[in-house]
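S.K.: Here is my input; please provide its structure:
(chains A and B)
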Amino acid sequence: MSDAALWCRDLVKRYDRVVAVQGLSLAVSRGECFGLLGPNGAGKTTTVEMFEGLLRPDAGELRVLGRSWGGRGDAALRERLGVTLQETQFFDKLTVAETVRLFRSFYSRGRGPEEVLKLVGLAEVASRRVRKLSGGQRQRLSVALALVGDPELLFLDEPTTGLDPHSRRQIWEVVGRFREAGGTVLLTTHYMEEAQRLCDRVAIMHEGRVIALDTPQALVASLGAEHVVEFQAQPIPDLARLRELPGVRSVHWRNGAVHLTVSEVHRAVPAVLQELARQHAELTQLITHHATLEDVFLTLTGRSLEEGEPR
Amino acid sequence: MRPRAVAQIAAAKVRELVREPEALFWVFVFPLLLALALGLAFRAGGSETVPVAVEDGPRADWIVEALAREPSLVLRRLGPEAAGQALRHGEVVLVVRPGDPVRFRYDPARPDSQLAWRVVEARLQEAAGRHDALRTAHEPVQERGARYIDFLIPGLLGMNLMGTGMWGIGFSIVQARSRQLLKRLAATPMRRGEFLAGQILGRLVFLVPEAGILLLFARAVFDVPIRGSWAALTLATLVGAMTFAGLGLLVAARPRTIEGVSGLMNLAMMPMWILSGIFFSTSRFPDLMQPLVQALPLTAVNDALRAVLLEGAGLGAVAGELALAGLWGVASFALALRLFRWQ
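M.R.: Sure, this is the predicted structure:
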């Protein structure tokens, strides 16, 4: 516990009568990139903000770099952390460089503004007003501001939500370089690809609880199936019969489509087609892909990650 | 408290304002326009005239002739109905109805109606044969410092200190809160006190041009005197600015939306606009209200500024007012620190 970068036990946070986080326990090692994965409203942001010292837990214990919040050491602890929040808008009328210098002034040690801007690929727009930045540039500015104090621990709350694939990849590269230098990352996301790509371990959150925690590979392997077959058919086929077909591990019904996790596609697909023909159901669409964390979440909760409603 | 952080926050604040043309207009141009408009409208020594109606009737011509020599009156001959309507609409301030006795119809609560009545009465009595028993002579005096514009300028300065202080600080803080920016700042090692001190420092940077432009303008255009010492003027202005910066912080301590803070802001400033002697003297309010009127920070600031600018009062003479204003500022600041919400 003492050598963990982040540690908490039985953490609880309520808003009015809604319990956002109920009894969460985690430990993140130094140098690790740890992902909190789940739909909106699962309690990811609440968890991160308690670690950041922005929210006070209603119950439970919490340590950040071996320290707890709420004392004279808070400012010293903040010197060692870098934070991006969801949806922060910075001063519209300041330039990118002015904004970085402003944030740099809060830290007693850290990197030069030019260095940080180069790191996130914003050196060319250093003299541009923040108002004029694209969404991807703003998000990278947000990461630059998190890095300006040369932190040991980086919190990224949905760093790439709403970004185009190119911007997303740029942010991943920055995170990758931060990790190569030995930094620890706590990241929330509802993008599977992001979690699979960046995270050493992932905790899947659902309704304020961790429902699964492991490496992305192990979580996918836990399905006992490597592939997913997704199809639509008219009329809707009898799901119970599908479950008994060879190679099929589980069956879910979501958004008008049937999802099967299967261990052997080459055996499962012909069997499914035969069964549909027997039920006189007409196939309208069929997709197969490798199983992902999305399928893990679906299997665990019967819901999709993307289904979580925006708050 | 680290000077570099405070200076950066203040610089951010100054940049935000300088790069916002609308804000520059309200801080720097608007007070000048207001001073110019009011200074021209109420300029002393102008041909002050009052409109008076004379109703048709017996000897109406004699009345018009008797009054025609009086330069301060503008006469209109109207039928009884039209005269009554003109009086109701404020187009004339007095209606003279010929007859015996000659009747005056007017609202005694209107000062210019009172003036018109006295002038008309005197002219008619003279025309009817009254002789003055006493010889009198008039010496028009136009002393700098006693005109309306002289009264107005310190009031406008006080009003501007209040407006810029409260809006300049309150608006930007609540905007930052609504954009999650305060929360983001709270996640850095920045200290609370550094942020609030930076806000106030940034505000003070504007004080010199803001007060300077208005006073220089008043001096150049209307020859408004600056009789007090620079030290006294600077201190009175500084105390005023700090007082309203503190009130601005207090008002902005909790609201999450611009609409919310706008309402609070107006609630705090409206009474002072009316009661604190910006456009007219606080002595017009009844005695019952005076304790309230005198307790307001803007009243204290305006009184101090007037005393320094117009009467050349020294620091000792305005110490009471400045202490009262300072008390408001310090108390607001302390309360704001306790109540301040970062998210």
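
S.K.: which bits of chain A sit near chain B?
M.R.: Chain A has residues A:52-54, A:75-76, A:78-79, A:81, A:83, A:85-94, A:98, A:101-103, A:105-108, A:129, A:145, A:149 near chain B, with proximity defined as CB under 8 Å from any CB of the partner chain. Glycine gets a C-beta too; all of them are placed from N, C-alpha and C.

S.K.: Pull out the buried residues from those.
M.R.: Among the residues of chain A next to chain B, those classed as buried by neighbour count (16 or more other CB atoms under 10 Å in any protein chain shown) are A:52-54, A:78-79, A:81, A:83, A:85-86, A:88-91, A:93-94, A:98, A:101-103, A:105-107, A:129, A:145, A:149.

S.K.: In strands only, show me those residues.
M.R.: Counted as lying in strands by DSSP state E, out of these, are A:81, A:83.

S.K.: coming back round to it: just the ones in helices from the residues of chain A next to chain B, please.
M.R.: A:75, A:76, A:78, A:98, A:101, A:102, A:103, A:145 (DSSP state H).

S.K.: And those residues, which two are furthest apart?
M.R.: Among these, the pair separated by the greatest distance (CB to CB) is A:76 and A:98, at 26.3 Å.

S.K.: The strand or helix carrying residue B:214 - what's its average pLDDT?
M.R.: Taking DSSP states H and E as the definition, residue B:214 sits inside helix B:207-222. This predicted structure assigns helix B:207-222 an average pLDDT of 91.

S.K.: for stretch A:44-60, same thing?
M.R.: Summarised as a single mean, pLDDT over stretch A:44-60 is 95.

S.K.: Show me which residues of it are buried.
M.R.: Neighbour-count burial for stretch A:44-60, counted by 16+ other CB under 10 Å, picks out A:44-55, A:57, A:60.

S.K.: shouldn't residue A:10 be in contact with residue A:61?
M.R.: Yes. Using CB atoms under 8 Å, residue A:10 and residue A:61 qualify as a contacting pair, with a distance of 7.1 Å.

S.K.: excluding its backbone neighbours, what's nearest residue 42?
M.R.: Since no chain was named, I'll use chain A. residue A:205 (4.2 Å; CB to CB, 6 or more residues apart in numbering or on different chains).

S.K.: ah, no, chain B please
M.R.: Take residue B:42 and drop its neighbours on the chain: the residue closest to it by CB to CB, 6+ apart is residue B:148, 4.2 Å away.

S.K.: Run a quick neighbour tally on that neighbour.
M.R.: Residue B:148 sits with 16 neighbouring residues when counted by other CB atoms under 10 Å in any protein chain shown.

S.K.: For chain A, see how far away it is.
M.R.: 39 Å (CB to the nearest CB, to the nearest Å).

S.K.: So which residue is smack in the middle of the chain?
M.R.: Picking chain A for this. The geometric centre of chain A, computed from its C-alpha atoms, lies nearest to residue A:189 (CA atoms, centre = their mean), at 2.1 Å.

S.K.: Oops, wrong one, chain B.
M.R.: The central residue of chain B, meaning the one whose C-alpha is nearest the mean C-alpha position (CA atoms, centre = their mean), is residue B:278 at 2.5 Å.

S.K.: didn't it look like it was pressed against residue B:156?
M.R.: Yes. Proximity of residue B:278 to residue B:156 meets the contact threshold set by CB under 8 Å, at 6.8 Å.

S.K.: Could you pull up the residues touching residue A:213?
M.R.: Residue A:213 makes contact with A:26, A:201, A:202, A:203, A:204, according to CB atoms under 8 Å, 6 or more residues apart in numbering or on different chains.

S.K.: By pLDDT, give me the weakest of these.
M.R.: Of all the contacts of residue A:213, residue A:204 carries the smallest pLDDT score, 91.

S.K.: How many residues are close by that one?
M.R.: For residue A:204, the number of neighbouring residues by other CB under 10 Å comes to 23.

S.K.: Once you drop chain neighbours, what's closest to residue 243?
M.R.: By default, I'm working from chain A. Skipping the residues right next to it in sequence, residue A:243 comes nearest to residue A:251 by CB to CB, 6+ apart, at 4.9 Å.

S.K.: nope, chain B please
M.R.: By the measure of CB to CB, 6+ apart, the closest residue to residue B:243 outside its immediate chain neighbours is residue B:329, 3.7 Å from it.
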